[in-house]
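>>> Structural data only, the sequence is not supplied:
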Ligand code: FPP
């Protein structure tokens, strides 16, 4: 049975779900947050140690301001209301991406990271204003500056995920098959599941089915 240490998720389909069910993309994001809560619970149940959620990409800034504001309000309220509870559950929150939001949100993100930094049950990596190409370019630039030898091991030291094992499994919901500038280096050997359901419709049962299948496959990492 394959060990499962790290699941990464591209939570796609909120907008379509919102339009279809409530005639509002933002309603889809609100519903998507419920799925986030369900999946966190199930990840703990499954004893998985790392969960990385792609919440906002560097490309998402192209969206209408109203939607962007809604998303960040949702995130801010989520942290204000839930960080204490997450902390009590021994969950660590880490942000990957560039924290260049409002002062309030930047502070809230940093204080949430600090507060939970010693927690050990589950680490949630929230990818916010994250873009993999930017992360890689930055890492190469810093490695060059350090005059270190160009090697996988040295490059990894400059990635935002330097203390996080690579994902074993990537799930993308929303019936779309692409990586959207997400963890391009780190996903080199991950198993990938493309899920038809939209993120707000995705549930524990779907998640467990994917995990069960992942555990049963043969991973050979280029070997035979
Ligand atoms: C992609 O769906 C989803 C996002 C860009 C945002 C993800 C946000 C959440 C799940 C809720 C907030 C989460 C936290 C942790 C507070 P899309 O809008 O691109 O969907 P579409 O492809 O149907 O348009």
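Here it is on my side, so go on. These figures come from a predicted structure and were not determined experimentally.

>>> can we go C-alpha only for contacts and neighbour counts from here?
Fine.

>>> can you list the residues that contact stretch 34-50?
Contact with stretch 34-50 is made by 4-7, 51, 121-125, 164, 199-204, 207, as judged by Cα atoms under 8 Å, 6 or more residues apart in numbering.

>>> let me fix that: stretch 82-98
For stretch 82-98, using Cα under 8 Å, 6+ apart, the contacting residues are 109, 112-113, 115-131, 135, 160-161.

>>> Taking the contacts of stretch 34-50, please make a PyMOL selection of just the buried ones.
In PyMOL, selecting the buried portion of the contacts of stretch 34-50, with burial taken from 16 or more other Cα atoms under 10 Å, looks like this:
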select buried, resi 4+5+6+7+51+122+123+124+125+199+200+201+202+203+207
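
>>> from the contacts of stretch 34-50, which are also near the ligand?
Judged by Cα under 6 Å from any ligand atom, the overlap between the contacts of stretch 34-50 and the neighbourhood of the ligand is nil.

>>> and the longest helix for this protein?
Looking only at the chain and at elements set by DSSP state H, the helix with the highest residue count is helix 65-88.

>>> Out of the contacts of stretch 82-98, which end up buried?
109, 112-113, 116-117, 119, 122-131, 135, 160-161.

>>> and residue 10, how many neighbours?
Residue 10 sits with 22 neighbouring residues when counted by other Cα atoms under 10 Å.

>>> Touching, it and residue 53? I think so.
Yes: between residue 10 and residue 53 a contact is recorded at 6.4 Å, counting by Cα atoms under 8 Å.

>>> Kindly indicate whether residue 124 is helix, strand or coil.
Classification of residue 124 by DSSP: H, G, I helix; E, B strand; the rest coil places it in strand.

>>> And the helices in the protein?
Taking DSSP H as the criterion, the chain contains helices spanning 14-22, 25-45, 65-88, 103-115, 132-146, 152-156, 204-216.

>>> Just put those helices in JSON lines and tack on mean pLDDT.
What follows is the helices of the chain, written out as JSON lines (pLDDT from 0 to 100):
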{"stretch": "helix 14-22", "mean pLDDT": "98"}
{"stretch": "helix 25-45", "mean pLDDT": "98"}
{"stretch": "helix 65-88", "mean pLDDT": "97"}
{"stretch": "helix 103-115", "mean pLDDT": "97"}
{"stretch": "helix 132-146", "mean pLDDT": "97"}
{"stretch": "helix 152-156", "mean pLDDT": "97"}
{"stretch": "helix 204-216", "mean pLDDT": "97"}
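
>>> can you redo these as JSON lines with distance to residue 57?
Listed next are the helices of the chain as JSON lines, based on distance: least, Cα to Cα, whole Å:
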{"stretch": "helix 14-22", "distance to residue 57": "14"}
{"stretch": "helix 25-45", "distance to residue 57": "15"}
{"stretch": "helix 65-88", "distance to residue 57": "11"}
{"stretch": "helix 103-115", "distance to residue 57": "16"}
{"stretch": "helix 132-146", "distance to residue 57": "9"}
{"stretch": "helix 152-156", "distance to residue 57": "21"}
{"stretch": "helix 204-216", "distance to residue 57": "23"}
